[in-house]
Every structure is written in structure tokens, then in C-alpha cells.
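Trainee: Attaching a predicted model along with its sequence, questions to come.
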Amino acid sequence: MKTRVFSGIRPSGKLHLGNYLGAIKNWIELQNSAHQSIFAVVDYHGITTPYDPKTFQQQIMDVVLDYLAAGIDPDKALLIRQSKVPQHTELAWLFNTITPVSWLDRLPTYKEQLEKSPKYNHMGLLDYPVLMAADILAEKSNLVPVGEDQMPHIDLANEIAKKFNSMFGQTFEPVKAKLTEGARIMSLQDASKKMSKTPQSGKVAAGQAGDESCIFLVDTPDTIRAKIKRAVTDSGKEIYYNDEEKPAISNLITIFHLLSGKEIKNIEAEYEGKSYVDFKNDLAEVVVEFLKPFQTKRKEFEDNPKMVLEILEKSEEEARELASKTLKEVKEKMGLL
Ligand code: AMP
Ligand code: TRP
């Protein structure tokens, strides 16, 4: 069976190391082997949680630039803004008519989001996973690289597909998630929380100077050095990997390992008897060096907005064509054509 990949990220700020190691790195590998790959900036999902309309376009373009600089190749993959392919939202409406509310209001992602922003209890938030199912199924994608937190949404997409098939005839194939293995990057300030674009201290807004929990892909070398220097460590002086005993150091070792390609046991051997300070200094340089080519490439795209727009428009045109075919089939089966 041909592999058709789809994934998306909400434009809720510049991407960080967690996004790269947990998501995009995986995508870059997949685009080389898949029959078709589509990567989206899911702007319609982005407006289901608090956001600022004034900076939203910039946030969308920041993610596009991050994608391109990280290695999403427009010759191999389609790079789209979700709202420019309205067939996805149209399919979401059709799916709404067959999706029981009880499949949605029990989802952990919905409950968590409500806890975070109780005033944002609206239909869009509840319906978020239906739009995600439509993103995937409109393009007839069958492999979805995502983090573990998204598993309930993939299950739901399959439930919707199955229900559609049983009501209107075989239309959608099963969708599989591709989980990134072992790449859950934790906050530099609290190793029990995921590195995240949302603020953790309550004092500083996410993505703003002073948010020290997160290394953004665009952080300058000095910012990276400062953040790593101030990253929390565990009690005891030894540097070794143990998630439970030493969550903070283990997180830093994971970052070292993934960015340098060095095996964890070799890193442990190299820093045996050395201090946290030595280790952190070297880690900072590993991160700085790793991000250098990314940042150079990002700058090139940033200086050439016309080319970036052309890439987007060409991809969106193709995605619209693909999704229109699905929509036609769905509407025929539902008695709408
Ligand atoms: P988000 O930033 O929450 O919109 O997530 C976008 C993508 O990055 C999803 O596939 C997440 O699973 C992944 N991701 C976000 N934060 C992390 C993290 N700290 N470690 C690993 N993957 C992450
Ligand atoms: N819900 C996903 C997240 O928060 C983003 C997303 C929207 C997505 N549509 C998608 C991911 C389709 C994969 C496929 O990470």
C-alpha cells in the first residue's frame, strides 16, 4: 500500500527543540520514502485557543519558515496553510453530522484545554479533533506522524472513517499514527513538564525573552548558552542517564545525544567525574552548532518572501485538487450531489 503522510502543527509561536526532535525530524525522514507527504500549519486549529489576531499571520509565517529551514523539501512534500484548503473544513462539517458529541467531550485533550482556559469553552474546541480527522481523511492520508498526546485524535479519525464507511459505503482506509520514539523533550526549568510553547511560570509569556524553559530554533548562541546554564539539574553530582532518579540531567543527555549523534553510554563515559558546568558548557556548544545551518537557511527564506509564498501557493493548489476529489466522492455518497 502506498504511504501518504499528513501532519500539522498549530501556529502558536516559534518552534522549539521539542517540536523539532519530537515531530519535524521524523517528517523529514518520511518525506523521502513516502508516496505523498503533506505538512500543514493548522491555522484553523490555532484559533481554538486564545490568540492575538494582530500577530497571527506572523506566527503562521514563522512556522512555515521553521518548516522550510528544518528541511521540509517542497519538491518532495506539500507545505500548506490549513485555511487555504477549505475542503478540509467542509469535510469536517460533513463529519460533524455523523460524530456523536460523546466521542468528543470525553477526550483528555479537550478537558485539559478547558482547564487551561475555562472561558474558551466553545464548539470549535470541542470540534477540534473532527477537523483534524478531516485534515487527514480529505487528503486520503494513511500515516500520521504525531506525539503520543495525539493518539486519541488518531483513534477518533479511525472511528469517524469506520462510521462513514458503514453508513455510506467503503470510502476511507484506516489511518496509522507514527509515534516518535523516545523523543519527549522536557522543560529546562521543570523536568516533569514537556518543553512547551505555553508559559510555565505564569510570569513570562510563551516565546518571550525570559521564557527559559524552552530552546527555540531561532535562539541566538548567547541565549542558548544562558538558558542551558540556568537549566535545572538534579541532586548529586554524577552525570548519567536515569529518567526517574535524574530527570533533569537525563533530559539534557537526551538533547546532547539526539543533536550530536553520540551514544548515551559514550556521553556518560565522557563526563564521568566531570561537573555539571563542564557538561552544560559542552551541551550549549552542541546545540549552537546544530542550529547554525538551520538558522542560516531560515534567514535565506526569510529574505525571500516571494519564493516562500510561491511554495505555499503551489502546494495549496495541489492539496485543494486532492481534497476536492475526496469531497466529491463523499458528497455523492451522502446524497449532496
Ligand atoms: P505543539 O507545539 O504542542 O503544537 O506540538 C507540535 C508537535 O510537536 C506535536 O507533534 C508534538 O507532539 C510535538 N512536541 C511538542 N512539544 C514536544 C516536546 N517537548 N517533546 C517532543 N515532542 C514535542
Ligand atoms: N492536533 C495536532 C497537534 O496539536 C495538530 C494537527 C491538526 C494535526 N491537524 C492534524 C496533526 C492532522 C496531524 C494530522 O499537534
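Mentor: The structure has been received and is ready for your questions. Ligands and ions are numbered 1, 2, ... in the order given.
Trainee: can we go C-alpha only for contacts and neighbour counts from here?
Mentor: Fine.
Trainee: moving C-terminal of the one helix or strand Leu291 maps to, what's the next helix or strand?
Mentor: According to DSSP states H and E, Leu291 maps onto helix 276-302. Moving toward the C-terminus from helix 276-302, the next helix or strand (DSSP H and E) is helix 305-333.
Trainee: still on that earlier bit, now the helix holding Leu291 and helix 305-333, what's the angle there?
Mentor: 80 degrees (axes from the mean of the first three to the mean of the last three C-alpha atoms, to 10 degrees).
Trainee: Flag every buried residue along helix 276-302.
Mentor: Neighbour counts using 16 or more other C-alpha atoms under 10 Å place 276, 279-280, 283-288, 291, 294-295, 297-298, 301-302 of helix 276-302 among the buried residues.
Trainee: on contacts alone, who are the packing partners of that helix?
Mentor: helix 53-70, helix 221-229, helix 247-260 (3 or more C-alpha pairs under 8 Å, 6 or more residues apart in numbering; DSSP states H and E).
Trainee: Put the alpha carbons of the second one into CSV.
Mentor: Listed next in CSV are the C-alpha coordinates belonging to helix 221-229 (Å, rounded to 0.1, in the frame of the first residue of the first chain):
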residue,chain,number,x,y,z
PRO,A,221,24.0,31.4,20.6
ASP,A,222,24.2,33.6,23.7
THR,A,223,20.6,33.0,24.5
ILE,A,224,21.1,29.3,24.2
ARG,A,225,24.2,29.4,26.4
ALA,A,226,22.3,31.4,29.1
LYS,A,227,19.3,29.1,29.0
ILE,A,228,21.4,25.9,29.3
LYS,A,229,23.5,27.4,32.0
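Trainee: Which residue is it, in the stretch 201-337 of the chain, that comes closest to ligand 1?
Mentor: Cys214 (8.6 Å; C-alpha to the nearest ligand atom).
Trainee: relative to helix 221-229, how tilted is the helix holding Leu291?
Mentor: 140 degrees.
Trainee: pLDDT (mean, whole number) over helix 276-302?
Mentor: Averaged across helix 276-302, pLDDT comes to 98.
Trainee: before we move on, what about stretch 44-62?
Mentor: Across stretch 44-62, the average pLDDT comes to 96.
Trainee: list the buried ones in that stretch?
Mentor: 44-49, 56, 59-62.
Trainee: closest to ligand 1 among those residues?
Mentor: Distances from ligand 1 to the buried residues of stretch 44-62, taken by C-alpha to the nearest ligand atom, are shortest for Gly46, at 8.8 Å.
Trainee: Nearest residue to the closest one in space, ignoring adjacent ones along the chain?
Mentor: Nearest-residue entry for Gly46: Arg10, 5.1 Å, with adjacent residues in sequence omitted and distances by C-alpha to C-alpha, 6 or more residues apart in numbering.
Trainee: correct me, but that neighbour touches Thr48?
Mentor: No: Arg10 is beyond contact range of Thr48, at 10.0 Å (criterion: C-alpha atoms under 8 Å).
Trainee: need the contact list for Ser117.
Mentor: Taking C-alpha atoms under 8 Å, 6 or more residues apart in numbering, we find Ser117 in contact with 49-50.
Trainee: switch to 7 Å and redo it
Mentor: For Ser117, the contact set (C-alpha atoms under 7 Å, 6 or more residues apart in numbering) is empty.
Trainee: start at 32 instead
Mentor: Sure, I'll start counting at 32 from here, so that last one is Ser148.
Trainee: sorry, back to before: tell me which of the helices and strands packed on helix 307-333 sits nearest to ligand 2.
Mentor: helix 84-101 (12.7 Å).
Trainee: The closest one vs helix 336-364, what angle?
Mentor: Using the same axes, to 10 degrees, helix 84-101 lies at 100 degrees relative to helix 336-364.
Trainee: Name the residues that touch helix 84-101?
Mentor: Here helix 84-101 has contacts from 42-46, 72, 325, 328-329, 332-333, using C-alpha under 7 Å, 6+ apart.
Trainee: Quick one: the helices and strands packed on helix 307-333 as a markdown table, columns for distance to ligand 2 too.
Mentor: Shown next, in a markdown table, are the helices and strands packed on helix 307-333 (distance: least, C-alpha to the nearest ligand atom, whole Å):
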| stretch | distance to ligand 2 |
| --- | --- |
| helix 84-101 | 13 |
| helix 252-260 | 25 |
| helix 278-291 | 21 |
